[in-house]
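S.K.: missing the sequence, but the structure's below:
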């Protein structure tokens, strides 16, 4: 007689006599046909009418912050599920009623670990669930809580034909007096527990909280910028803060989260969140000592364009997020009422900026700009959110992120005299740069928006952006948004016209009032190390009276560089 059969007979006999012994079943989770998915093990222990479900995977030696040990208790006698999160210094739990889906019982049979199993199936949230269960153990048993009260021991679950939970071992263990501990920690709701688990894993770093960006601030900046203090410059239209940001593994995804609302300004305005890089000359010098400290692009139109391109001694601002304020959201919500439309209370922008992680660790100068000449201006909040992609803190790769800012014509110091990006009417923007040895998977991260707010202006007319590399036309991109009418609820004082349209409805050159502009990426993997040149050509529209067209374009090379000290 095999060892498995002896164990099975012992289990059946024990279940008939008493519950002094508990049944333990180990399960594997895996994906059918996958060569990359690791199997994970679950231990499920039964005692009387209670079941304990716990992963056998130990916490990593160097875990990410916020990782918990998860334990689930099923109390069939009470029809109750208890979910518990155990952290190093605390624990939390939530109770909820057990819900049992409707099952269809089939005639199919199979054998799992020497036990005859029958088949049942159900549908949960559009997922097809196949279940193989046995009644030979005389107990109710499930490796998951969402299958509810099932009369039998479930040994295998197949979800949508590919995700499998399957029993691999059955044994007996000694029953404990208190199978479910009296002290489970702090009691919260199931929704709170779920949210808590996710929030503890995410590293959120607040940068600005409801900071006013407005016109009229005349206060002087300190000679040395302190850490963690929000400061204003350019008449109050640009705020910045010096911070120490953590160095996180590459498996973390990084998001910039911004919310804005009007504090008196009624118009759609250009906004930007950026990092000020160090250099022999930096954008910070212009903020402290004036815009003329920056290197100048001398245009054929006779005008100077300050700090817009890479030089040997200067790195332009690294743009994390380009956004546009809506027409007066919140402050003007009572001004206009439209049937069937409820105005939003703020504009919210969230964008993945993981590819800029090389600019987001250590001593960092973060800034936000909203162009306006209003004493009330706007209120802005900014945070950085870091989402883990692994439970292990350390990276397992031999590459690090590399980046190089090339150009940025968005005049974030507009109110301190920085010129608009209207050079494209007479010039090609050309930047020389070096690609170092060992850099791979090169891409150009490119943001472009056209401006000129009248019928003939470039805001309302699509224009091809041509990108030349080393004199060769490589990419053509036309920034254009046709979905601006989607965001009508963000624009309470947008102009309403005779034909039923609002000014916020019109298509625009790469942006909409109340929305962020998405970067586009151009593949440069064939670029070899050494010296190169990039050129940007845009057929900018001509001025009309005092109205001008201009383009805010920013570009950055991103790639990977082999770590020289990798094992």
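M.R.: Received the coordinates, thanks. Just so it is clear, the structure is predicted and the values come from calculations on it, not from any experiment.
S.K.: any idea where the strands of the stretch 151-300 of the chain begin and end?
M.R.: Read by DSSP state E, counting those that start in this stretch, the stretch 151-300 of the chain holds these strands, from start to end of the chain: 153-159, 163-174, 186-187, 203-213, 231-233, 238-245, 253-262, 270-275, 296-298.
S.K.: Direction-wise, compare the second one with strand 153-159 and give the angle.
M.R.: Angle, strand 163-174 to strand 153-159, by axes from the mean of the first three to the mean of the last three CA atoms, to 10 degrees: 160 degrees.
S.K.: about what we covered before: who wins for proximity to residue 55 among the strands of the stretch 151-300 of the chain?
M.R.: Ranking the strands of the stretch 151-300 of the chain by proximity to residue 55 (CB to CB) places strand 163-174 first, at 11.9 Å. C-betas here are computed from N, CA, C, even on glycine.
S.K.: in its sheet, what does that closest one sit against?
M.R.: The partner list of strand 163-174 in its sheet, established with DSSP bridges, is strand 21-31 (antiparallel), strand 153-159 (antiparallel).
S.K.: Identify each buried residue in that strand, please.
M.R.: Across strand 163-174, burial judged by 16 or more other CB atoms under 10 Å covers 163-167, 170.
S.K.: go on, stretch 414-433?
M.R.: For stretch 414-433, the buried set under the neighbour-count rule, 16+ other CB under 10 Å, comprises 414-416, 418-425, 427, 429, 431.
S.K.: Columns distance to residue 441 on top of the buried residues of strand 163-174, output as a markdown table?
M.R.: What follows is the buried residues of strand 163-174, written out as a markdown table (distance: CB to CB, whole Å):
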| residue | distance to residue 441 |
| --- | --- |
| 163 | 32 |
| 164 | 35 |
| 165 | 37 |
| 166 | 39 |
| 167 | 43 |
| 170 | 49 |
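S.K.: shaky segments in this structure?
M.R.: Within the chain, the ranges that satisfy pLDDT under 70 run 1-20, 35-40, 175-177, 565-567.
S.K.: Outline the domain layout of it.
M.R.: Under automatic domain parsing, the residue ranges defining each domain of the chain are 3-197, 202-562.
S.K.: hang on, the earlier thing: make a markdown table from the strands paired with strand 163-174 and add distance to residue 77 and mean neighbour count to it.
M.R.: Compiled in a markdown table, the strands paired with strand 163-174 are given as follows (distance: least, CB to CB, whole Å; neighbours: other CB atoms under 10 Å):
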| stretch | distance to residue 77 | mean neighbour count |
| --- | --- | --- |
| strand 21-31 | 15 | 19 |
| strand 153-159 | 17 | 21 |
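S.K.: between these, which gets nearest to residue 109?
M.R.: Taking CB to CB as the criterion, strand 153-159 is the member of the strands paired with strand 163-174 that comes nearest to residue 109, at 12.3 Å.
S.K.: contact partners of the closest one?
M.R.: Taking CB atoms under 8 Å, 6 or more residues apart in numbering as the criterion, the residues outside strand 153-159 that touch it are 23, 25, 112-113, 115, 117, 127-135, 137, 139-144, 147, 164-167.
S.K.: Deepest in the core, which of the domains of the chain is it.
M.R.: Each of the domains of the chain was scored by mean neighbour count; the highest is domain 202-562, a mean of 18, by mean count of other CB atoms under 10 Å.
S.K.: neighbouring contacts of stretch 535-551?
M.R.: Stretch 535-551 has contacts (CB under 8 Å, 6+ apart) with 407, 409, 420-422, 424-425, 428-431, 448-454, 456-459, 461, 463-469, 471, 553, 555.
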